[in-house]
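A.B. asks: 3D, please:
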Amino acid sequence: MPDPGYRVRGDGRVLPEEPGPGRKALVADVQRVAWPLWTEPGARIRRDVTELCRLQAARGLTVLGLLALGDESSDVAWLLGVQRLSGPRQERMYGAAAQVPPDVRKLVLANWGWALDGPLGGSVVAAFLAGGAYPSDGYAAAHATVTLLRLWERHPDLRPMVAAAWAATRTAADWVRAAETEGPVFTYPAKAVQKAGRPWVARLLHGENKIVNVD
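C.D. replies: You can find the predicted model right below:
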């Protein structure tokens, strides 16, 4: 077993160990998906975004688990495909995501709850997801930001899914930043209770089809 990739400070904050170059690159690589660029998203785009959210939540949690467990050697090629999750690959990713330690999972839940409860959640979520997906294409990133923000504003039922994708990938990115500065992992202020919505959100966040409590 690898050594744990973090320790918990006396005040409960998580202090990560700095991952190797390969794991740092993986954190960025899994953010690159084709968020839609249409600024007037229709029903088909909403379905596509739902599947991308499921993929990104699962991939983000899987990568976070590797970081938390200090795992620098496991093969990660299977994580890089952006096709719809299904079959054995889905179950493998769900299983890997379930291995995230409780102290680390609370970081994801805190971010997720904040995004759903705060007035700035949509703008923060949209900008991060789009920027990570199109890091060298400002035009595409801007259009994806608008699309995701309009979906957030007009379709509240999508918010738990988009927030889950953001919370998982954002926490992994903040893990790397914290390790590089030798500080604790940043999280937004936690909110006590949020409804998970779709069953896959509940499963990935370990709420199991019920209200998820971050306490």
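A.B. asks: what is the neighbour count of residue 143?
C.D. replies: The burial metric for residue 143, expressed as a neighbour count using other C-beta atoms under 10 Å, is 18. Backbone N, C-alpha and C define where each C-beta goes, glycine included.
A.B. asks: check contacts around the closest residue to it other than its chain neighbours.
C.D. replies: Closest residue in space to residue 143, ignoring its immediate chain neighbours: residue 37 at 4.1 Å, by C-beta to C-beta, 6 or more residues apart in numbering. Listed by C-beta atoms under 8 Å, 6 or more residues apart in numbering, the contact set of residue 37 reads 140, 143, 144, 147.
A.B. asks: that's a helix at residue 37, yeah?
C.D. replies: No - in this structure, residue 37 is coil, not part of a helix, as judged by DSSP: H, G, I helix; E, B strand; the rest coil.
A.B. asks: could I get the pLDDT score of it?
C.D. replies: Per-residue confidence for residue 37 comes out at a pLDDT of 91.
A.B. asks: re earlier: between the contacts of residue 37, which is nearest residue 49?
C.D. replies: Nearest to residue 49, judged by C-beta to C-beta, of these is residue 147 at 8.3 Å.
A.B. asks: state the distance from that closest one to residue 134.
C.D. replies: Between residue 147 and residue 134 the computed distance is 12 Å (C-beta to C-beta, to the nearest Å).
A.B. asks: and residue 34, by the same measure?
C.D. replies: 9 Å.
A.B. asks: apart from its chain neighbours, what residue comes closest to the residue minimising distance to the centre of the chain?
C.D. replies: Centroid-nearest residue in the chain: residue 168, 1.9 Å away (criterion: C-alpha atoms, centre = their mean). Beyond its immediate neighbours in the sequence, the residue positioned closest to residue 168 (C-beta to C-beta, 6+ apart) is residue 60, lying 2.7 Å away.
A.B. asks: the one you found against residue 174, yeah?
C.D. replies: No - taking C-beta atoms under 8 Å as the definition, residue 60 is not a contact partner of residue 174, at 11.2 Å.
A.B. asks: more neighbours: the two, which one.
C.D. replies: Between residue 60 and residue 174, counted using other C-beta under 10 Å, the more crowded position is residue 60 (27 against 20).
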